[in-house]
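Student: have a look at this prediction, sequence included:
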Amino acid sequence: MSRTVLITGAASGIGAAVAKRLAGPETRLVLHTRKSADGLEAVAAEARAAGSDVETTLLDLSVPGAGADLVGLGVQAFGGLDQVVANAGFAQSGNIDDVDRAALDASHAAMTGAFYDLAHAAGDNLRASACGRVVAISSFVAHVFDIDRPFAVTAAAKEGTEALVKALARQLAESGATVNAVVPGYTRKDAAGHNALGSEAWQRAAQRTPTGRLAEPNEIAALVVFLLSADAGQITGQIIHVDGGLALGI
């Protein structure tokens, strides 16, 4: 499958794992991060070594218009865009009483709003592609509300993103393009990645997960890569959990 794939938040964690799995002579990659330039270049170098042509960029996707700029970069560099992996985001811990309205707005801008902008800008390219695919990375916090570990505004932003996934899936279905969301549970972070929890909290997270351990970024990436494949052409509008059983209840 010859394709151009845009991956946001590709400097570490799940985004980096997806890029490395996709890298090869038939795949052109547009890799994004907000500020982790060194991490992004390391991922890009590994992808180039595997045979991919790669473009990289640093952008704050919470800024209106940044999503269109990012899509435009891919189209300008490679003549089109076939697939989007919307992975960039962050976790903001706290109940509603613990955070202010600005925190809610920031979460929506960086995740729900950024996904909207990417989807809006990429729509025509996705329709025209023979392998149009979109995968958004959501989070278990939109489905599991743990009073001891609350993520109220992140949950709101991720749930909003999942709603847009379903709307876009219906909108693009007749073209053959598919749109899905992957919902990771507690997933091990790279040392260079954003970390919302301390080491003891991560230990408790593993204990709270029914399988008894954290997920690895590669385990999430494996599903993402499948959803981007030709074999997944009849899977669309789905919210798929890779959470070690967290959605079953803590």
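Tutor: Thanks, I have the structure now.
Student: tell me where this structure has helices.
Tutor: 13-22, 37-49, 66-78, 101-107, 114-128, 152-172, 199-208, 217-227 (DSSP state H).
Student: out of those helices, deepest packed?
Tutor: Per residue and on average, the most neighbours among these fall to helix 13-22, with a mean of 26 (mean count of other C-beta atoms under 10 Å). Every residue, glycine included, has its C-beta placed from N, CA and C.
Student: show me how far that helix is from its chain's centre.
Tutor: Remark: helix 13-22 is offset 10 Å from the chain centroid, using C-alpha atoms, centre = their mean, to the nearest Å.
Student: give me the helices and strands touching it, please.
Tutor: If contacts are counted by 3 or more C-beta pairs under 8 Å, 6 or more residues apart in numbering; DSSP states H and E, helix 13-22 sits against strand 3-7, strand 27-33, helix 37-49, helix 217-227.
Student: pLDDT on that helix, on average?
Tutor: The average pLDDT for helix 13-22 rounds to 98.
Student: give me every residue that touches the residue most central in space within the chain.
Tutor: Centroid-nearest residue in the chain: residue 87, 1.7 Å away (criterion: C-alpha atoms, centre = their mean). For residue 87, the contact set (C-beta atoms under 8 Å, 6 or more residues apart in numbering) comprises 7-10, 13-15, 18, 137.
Student: again, only using 7 Å
Tutor: Contact analysis of residue 87 by C-beta atoms under 7 Å, 6 or more residues apart in numbering lists 7-9, 14-15, 137.
Student: any idea how far residue 110 is from it?
Tutor: According to C-beta to C-beta, to the nearest Å, residue 87 stands 12 Å off from residue 110.
Student: likewise for residue 56?
Tutor: With C-beta to C-beta as the criterion, residue 56 and residue 110 are 19 Å apart.
Student: for the residue nearest to the centre of the chain, grab phi and psi.
Tutor: Dihedral pair for residue 87: phi -110, psi -30, per degrees, to the nearest 10.
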